[in-house]
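> sequence first, predicted model second:
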Amino acid sequence: MKTRIFRSITKATVIGTLSMSMLVAPVCAKDVTPGYNHHIPPGIMTPDKIKTSIGTLEFFDGRPTKETVQKVYDNLDFARGMEVFLNFIPATSIEGIRLGMEELNATQSNQCAVFDQLMDSDPLFLTGNTDTVYASVMLDLEQDGVTVVEIPPKAGPGTLNDAYFRFVVDMGVPGLDKGKGGTYVILPPDYKGELKPTRGDKTVDIDIAGKMRPVWIAQSTSYSNWLILRGFLVDGKPDAASKMWRAGLKVYPLAKADNPPEMEYINGSNKPFNTIHANNYEFYAELDHVIQKEPVSFLDPELRGLAASIGIAKGKKFAPDARMKGILKEAVAVGNATARAIMFEPRVEGVYLYEDSQWFTPFVGGDYRWLIDDGKGGRNLDARTLFFYGATVNTPAMALKMVGKGSQYAYNAKDKNGDFLDGKKYYKLNIPANAPAKDFWSIVAYDPQTRSQLQTSQNFPSKNNTKDDLDVNKDGSVDLYFGPKAPQGHEKNWIETVPSKGFMVLIRLYGPLEPWFDKTWKPGDFEPLK
């Protein structure tokens, strides 16, 4: 009986097996991958030799040869070095400003650089304007702790940025005080006390030198912070704004509010100094200073890891060997070339403001964080590089639609034919009537090498519709002329160029109006003249 049952089960099993074999095609011997029992998908295999842009890579059974290992590690270090350059321009740009302030002997938070006679072309300063009176202060929250900033009434746009050029808080006209003045309190990143950042434009009363005062409170992610404020011209002159900063701007540690350090105001006008980050190997030394200065929490793990991959890490000495130093020198050169390509030949979608024009925006996507779809699409890295390689100051007031407040900007580096602007040639640029700027519009010429104001015999390589006595056409438009010499009869509207150099320009609209945003008004393109 037991024997019959066993035979019955065996027979059923055999029948089932035969049925399944009819459903599955047999693997032919020729489909079996050599060295294996079965067919292995080619896509997961590595050939013994692969020709690439870094040379021929060789393997034995998927294992790289010593020569290939060296090639790919050299390439990895090069790629990481280049990515460090592109991703850390914001950090080294702030560091460059800190170093520039040192050149002016403004090293403490109570030392303020005021451009009493405006910013001229002497300093190297990324696309600085000639049209507002800057007040510049570097905060050191590690040294000073909680810091108080008193803003006087009638201040123009002002911003505090952290050591990675991230927005902390606005002040002045687009800020929480709305141009009426007020007191801001800035908390260090590691602050553990009772003060909390305020929400919206609501103030909170705190004790400052024995008096309860309404303040706005913001917390920075870094110790180093750049406070940059702008004052408007009155009757085309900087005197009133200069006096406003020198009389009303106060910066001091909250802990010393009873007896704050006396403010020192240093005139930054007509002084050559450099605030621009290096484009060579020194870039990495500048970045290392930032990493060592700031708390670990200052950057997310991805960015920290990127810097660490080339030897820049908190608490670690940056000392690359000869091989690594050579690779980094090449990496920063290619990184710099890449940044220049992104800025002067941008391919970022949405960068051009009009279909038939060379004007393009430094704030691609209209987001001061360069987030795509509020972050759902990630961060637009090339758009961020485009901005920070050519400019400073990061605030929503420069990117968002704020009709009648804040400011808007557009670059132009080419003529209407798509050729780069050439300093030995002559051009005409038409600014149509009714420019949509409640406060003023201006055009400033810049040097493409330094991205700073073009240095010529004109101290201010710019024209401003409120500061300058411009000839106006019958239709209300203004023709500006660019070239090595003033065209006869157009001296008032001429901006000098350098025959041996190129140039680019930036148009600014302070208090931009609706026609700028809906694009019913647009500036002309550069027309080459014979």
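Received the coordinates, thanks. Note that the structure is predicted; figures quoted are calculated from it, not measured.
> over to the spatially most central residue of the chain. Which of the three states is it?
Central residue of the chain (CA atoms, centre = their mean): Phe388, 2.5 Å from the mean position. Phe388 falls in the helix class when you classify it by DSSP: H, G, I helix; E, B strand; the rest coil.
> for it, give me the pLDDT.
Here, the pLDDT recorded for Phe388 equals 98.
> could you number the chain from 52 rather than 1 from now on?
Renumbered: residue one is now 52, and that last one reads Phe439.
> quick one: contacts for it?
The contact partners of Phe439, taken as CB atoms under 8 Å, 6 or more residues apart in numbering, are Ile140, Pro141, Ser144, Phe216. C-beta here means a position set from N, CA and C on the backbone, and glycine is covered the same way.
> let me know the closest of the residues you listed to Leu278.
Comparing the contacts of Phe439 against Leu278 with CB to CB places Phe216 closest, at 13.0 Å.
> for the closest residue to that closest one other than its chain neighbours, give me the pLDDT.
If the residues on either side of it in the chain are set aside, Phe216 comes closest to Pro141, at 3.8 Å by CB to CB, 6 or more residues apart in numbering. pLDDT, Pro141: 98.
> where does Pro141 sit: helix, strand or coil?
Pro141 is classified as helix under three-state DSSP.
> low-confidence ranges, the protein, go.
Residues of the chain meeting the criterion pLDDT under 70: 52-81.
> contacts only, for Tyr478.
Tyr478 makes contact with Asp466, Leu472, Tyr532, Phe533, Gly534, Phe577, Glu578, Pro579, Leu580 under the criterion CB under 8 Å, 6+ apart.
> name the element it belongs to?
Using DSSP states H and E, Tyr478 maps to strand 477-482.
> for the next helix or strand after that strand, buried residues please.
The first helix or strand that comes after strand 477-482 along the chain, using DSSP H and E, is strand 488-497. The neighbour-count check on strand 488-497 (16 or more other CB atoms under 10 Å) flags Ala488, Asp490, Phe491, Trp492, Ser493, Ile494, Val495, Ala496, Tyr497 as buried.
> now the strands for the stretch 202-351 of the chain?
209-212, 218-222, 233-238, 255-259, 262-270, 275-282, 301-304, 315-318 (DSSP state E, counting those that start in this stretch).
> ok, Met394 touching Gly441?
Yes - proximity of Met394 to Gly441 meets the contact threshold set by CB atoms under 8 Å, at 5.3 Å.
> which residues do those two both contact?
By the contact definition CB under 8 Å, 6+ apart, Met394 and Gly441 are jointly contacted by no residue.
> so what's Leu305 closest to, chain neighbours aside?
Excluding its sequence neighbours, the residue lying closest to Leu305 (CB to CB, 6+ apart) is Val197, at 4.2 Å.
> count the residues that sit near the one you found.
19 (other CB atoms under 10 Å).
> list the contacts for it?
Contacts for Val197 were tallied using CB under 8 Å, 6+ apart; they are Val236, Ile237, Leu238, Pro239, Tyr242, Gly244, Leu246, Pro304, Leu305, Ala306.
> want to throw the buried residues of strand 488-497 into TSV with distance to Gly429?
Putting these into TSV (distance: CB to CB, whole Å) gives the following:
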residue	distance to Gly429
Ala488	34
Asp490	35
Phe491	37
Trp492	34
Ser493	34
Ile494	34
Val495	33
Ala496	35
Tyr497	30
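> which one of those residues sits closest to Thr84?
Thr84 has its nearest neighbour among the buried residues of strand 488-497 in Tyr497, at 60.7 Å by CB to CB.
> contacts for stretch 303-310, please.
When contacts are defined by CB under 8 Å, 6+ apart, stretch 303-310 is touched by residues 160-161, 195-199, 236, 259-261, 311-312.
> separation between Ser275 and Pro447?
Look at Ser275 and Pro447: by CB to CB, to the nearest Å, they are 21 Å apart.
> of these two, which one has the most company?
Taking other CB under 10 Å, Ser275 and Pro447 do not tie; Ser275 has more neighbours (25 against 17).
> partner residues bridging that one?
Counting by DSSP bridges, Ser275 forms beta bridges with Asp191.
> so it touches Lys344, yeah?
Yes - between Ser275 and Lys344 there is a contact under CB under 8 Å: 6.3 Å.
> give me the common contacts of those two.
Common neighbours of Ser275 and Lys344 (criterion: CB under 8 Å, 6+ apart): Ala214.
> mind listing the strands for the stretch 402-551 of the chain?
With DSSP E, counting those that start in this stretch applied, the stretch 402-551 of the chain shows strands at 458-463, 477-482, 488-497, 513-515, 529-534, 545-547, listed in chain order.
> can you lay out the ones you listed as a markdown table showing distance to Val255?
Output for the strands of the stretch 402-551 of the chain, formatted as a markdown table (distance: least, CB to CB, whole Å):
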| stretch | distance to Val255 |
| --- | --- |
| strand 458-463 | 29 |
| strand 477-482 | 45 |
| strand 488-497 | 31 |
| strand 513-515 | 39 |
| strand 529-534 | 47 |
| strand 545-547 | 48 |
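> who wins for proximity to Leu422 among those strands?
strand 458-463 (19.1 Å).
> ranges for the helices of the stretch 52-201 of the chain?
53-74, 117-138, 140-154, 192-195 (DSSP state H, counting those that start in this stretch).
> export the last one as CSV, just CAs?
These are the backbone C-alpha positions of helix 192-195, laid out as CSV (Å, rounded to 0.1, in the frame of the first residue of the first chain):
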residue,chain,number,x,y,z
LEU,A,192,28.6,86.4,16.0
GLU,A,193,31.2,84.0,17.5
GLN,A,194,33.1,86.9,18.9
ASP,A,195,30.3,89.3,19.8
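> next, the buried residues of that helix.
In helix 192-195, counting by 16+ other CB under 10 Å, buried: Leu192, Asp195.
> equivalent analysis for stretch 108-115, please.
For stretch 108-115, using 16+ other CB under 10 Å, the buried residues are Leu108, Glu109, Pro115.
> partner residues bridging the last one?
Following DSSP bridges, Pro115 is listed with bridge partners Phe110.
> now do the contacts for it.
Leu108, Glu109, Val123.
> what of the first one?
In this structure, Leu108 makes contact with Lys100, Ile101, Lys102, Pro115, Thr119, Lys122, Val123, judged by CB under 8 Å, 6+ apart.
> quick one, what contacts the fifth one?
Spelled out, it's Thr119. Residues in contact with Thr119, defined by CB under 8 Å, 6+ apart, are Leu108, Glu109, Phe110.
> off-centre distance for stretch 381-398?
On the basis of CA atoms, centre = their mean, to the nearest Å, stretch 381-398 is displaced by 14 Å from the centre of the chain it belongs to.
> for it, buried residues please.
Buried-residue list, stretch 381-398, by 16+ other CB under 10 Å: Ala382, Val383, Ala384, Gly386, Asn387, Thr389, Ala390, Arg391, Ile393, Met394, Phe395, Pro397.
> ok, back up a step: farthest pair within the contacts of stretch 303-310?
Greatest spatial distance among the contacts of stretch 303-310 (CB to CB): Ser160 and Gly261, at 21.6 Å.
> just want to know which of these two has more residues nearby.
When neighbours are counted by other CB under 10 Å, Ser160 and Gly261 differ, and Ser160 comes out ahead with 24 against 7.
> residues contacting that one?
Here Ser160 is in contact with Val188, Met189, Leu190, Asp191, Asp195, Thr198, Val302, Tyr303, Pro304 (criterion: CB under 8 Å, 6+ apart).
> list just the nearest of the residues you listed to Arg149.
Using CB to CB, Met189 is the member of the contacts of Ser160 that sits closest to Arg149, with 5.4 Å.
> and the gap between that closest one and Asn325?
According to CB to CB, Met189 stands 15 Å off from Asn325.
> neighbour-wise, which of those two wins?
Set side by side, Met189 and Asn325 show more neighbours around Met189, with 24 against 16, by other CB under 10 Å.
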